[in-house]
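Colleague: Sequence and predicted structure, then a few things I'm wondering about:
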Amino acid sequence: MATLEIRDLHVSVDTENGPKEILRGVDLTIAGGQTHAIMGPNGSGKSTLAYSIAGHPKYNVTSGTVTLDGEDVLDMAVDERARAGLFLAMQYPVEVPGVSVSNFLRTAKTAIDGEAPKLRTWVKDVNKALSDLDMDSDFGNRNVNEGFSGGEKKRHEIVQLELLNPKIAILDETDSGLDIDALKIVSTGVNRFAEKGDKGVLLITHYTRILRYIKPDFVHVFVDGKVAEEGGAELADELEANGYERFLKAAAK
């Protein structure tokens with residue numbers, strides 16, 4: 001099974017006043033067959049962690065390690081990380097005018113696998129993935145994220161997840177902007193991926209509502225750029241009841 005290991009990760013961003021440290025020593029292990037939820041207030045560094053793992057150039061890793069099955073992720077280019085088995089569902093998926101969903105998906109699959117999928121099988125796979133996410137097959141003819149509703153963008157991310165079949169999925173606030181029906185559909189897609197048994201899921205969220213449909217094995221509270229506390233699903237229930245005040249006060253001491 002795949003294992004993503006993060007050890008003492010420090011990450012900064014460049015500002016007008018010089019480098020600003022965002023992550024301050026993150027330790028986290030996500031193994032295949034596990035679903036982890038990271039919860040925390042705005043500005044705590046949750047999305048920074050996701051984009052740093054994926055290789056966004058805005059974020060500078062100043063120390064620490066990230067490995068996937070023992071391989072140094074930080075030494076890989078962005079596309080190499082994807083081919084190694086990492087997947088990032090973005091909080092704000094970008095529009096790609098002039099590129100159809102069907103062409104985008106097939107190009108991505110070819111890049112990941114190193115060879116083009118067989119057309120007849122691929123069309124069936126795409127149509128099933130779209131159907132599973134309650135999307136019409138004509139969706140493949142639309143330009144990527146152009147004119148999509150918030151729910152369509154997030155469902156399209158999960159279509160990618162199902163077709164690209166990575167080892168580790170990092171889902172950055174996949175629940176944001178979703179109504180209850182879309183939330184259930186997206187959650188079912190994530191659960192379908194996780195139930196394969198050898199896949200790891202890192203779910204980043206502000207709120208517990210998505211955790212009613214995706215049951216995490218581990219919950220990590222993120223405050224001030226690091227993990228403040230870890231526990232099981234019961235920790236999410238505490239956050240629902242009491243918020244982050246206890247953790248913010250501890251971090252301020």
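Modeller: Received the coordinates, thanks. In this text, all values refer to a predicted model and were calculated from it rather than measured experimentally.

Colleague: show me where the stretch 51-200 of the chain has strands.
Modeller: 60-68, 71-72, 86-89, 96-100, 143-144, 168-172, 200-205 (DSSP state E, counting those that start in this stretch).

Colleague: quick one: average pLDDT of stretch 207-215?
Modeller: Confidence over stretch 207-215 (mean pLDDT, whole number) is 93.

Colleague: Would you mind listing the buried residues in it?
Modeller: For stretch 207-215, a neighbour-count test (16 or more other Cβ atoms under 10 Å) marks 208, 210, 211, 213, 214 as buried. Every residue, glycine included, has its C-beta placed from N, CA and C.

Colleague: just stretch 242-253 next, same as before
Modeller: Within stretch 242-253, the residues that count as buried by 16+ other Cβ under 10 Å are 244, 247.

Colleague: what is the rounded mean pLDDT of that stretch?
Modeller: pLDDT averaged over stretch 242-253 gives 79.

Colleague: tell me how far that stretch is from the chain's mean position?
Modeller: 25 Å (Cα atoms, centre = their mean, to the nearest Å).

Colleague: which residues sit against that stretch?
Modeller: Applying Cβ atoms under 8 Å, 6 or more residues apart in numbering, the contact partners of stretch 242-253 are 40, 41, 221, 223, 224, 228, 229.

Colleague: can we see that at 6 Å?
Modeller: The contact list for stretch 242-253 (Cβ atoms under 6 Å, 6 or more residues apart in numbering) reads 41, 221, 223, 224, 228.

Colleague: Just the CA atoms of it, as CSV, please.
Modeller: Output in CSV follows, covering the C-alpha atoms of stretch 242-253 (Å, rounded to 0.1, in the frame of the first residue of the first chain):
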residue,chain,number,x,y,z
ASN,A,242,-16.9,24.1,20.5
GLY,A,243,-15.0,25.5,17.6
TYR,A,244,-11.3,26.1,17.5
GLU,A,245,-11.1,28.4,20.6
ARG,A,246,-9.3,25.9,22.8
PHE,A,247,-6.6,25.3,20.2
LEU,A,248,-6.2,29.0,19.3
LYS,A,249,-5.7,29.9,23.0
ALA,A,250,-3.1,27.2,23.4
ALA,A,251,-1.2,28.3,20.3
ALA,A,252,-1.2,31.9,21.5
LYS,A,253,0.6,31.0,24.8
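
Colleague: just how off-centre is stretch 2-13 within its chain?
Modeller: 15 Å.

Colleague: no, scratch that, I was asking about stretch 54-64
Modeller: With Cα atoms, centre = their mean, you get 16 Å for stretch 54-64.

Colleague: Averaged pLDDT, that stretch. What do you get?
Modeller: For stretch 54-64, the mean per-residue pLDDT is 96.

Colleague: got the end-to-end distance for it?
Modeller: 15 Å (Cα to Cα, to the nearest Å).

Colleague: Show the model's pLDDT score for residue 234.
Modeller: You'll see residue 234 listed with a pLDDT of 92.

Colleague: Number of residues surrounding residue 179?
Modeller: Using other Cβ atoms under 10 Å, residue 179 has 10 neighbouring residues.

Colleague: tell me the phi and psi of it?
Modeller: phi -80, psi 180 (degrees, to the nearest 10).

Colleague: related to what we said a few turns ago, turn the contacts of stretch 242-253 into JSON lines, columns for neighbour count.
Modeller: Formatted as JSON lines, these follow (neighbours: other Cβ atoms under 10 Å):
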{"residue": "41", "neighbour count": "16"}
{"residue": "221", "neighbour count": "23"}
{"residue": "223", "neighbour count": "22"}
{"residue": "224", "neighbour count": "18"}
{"residue": "228", "neighbour count": "18"}
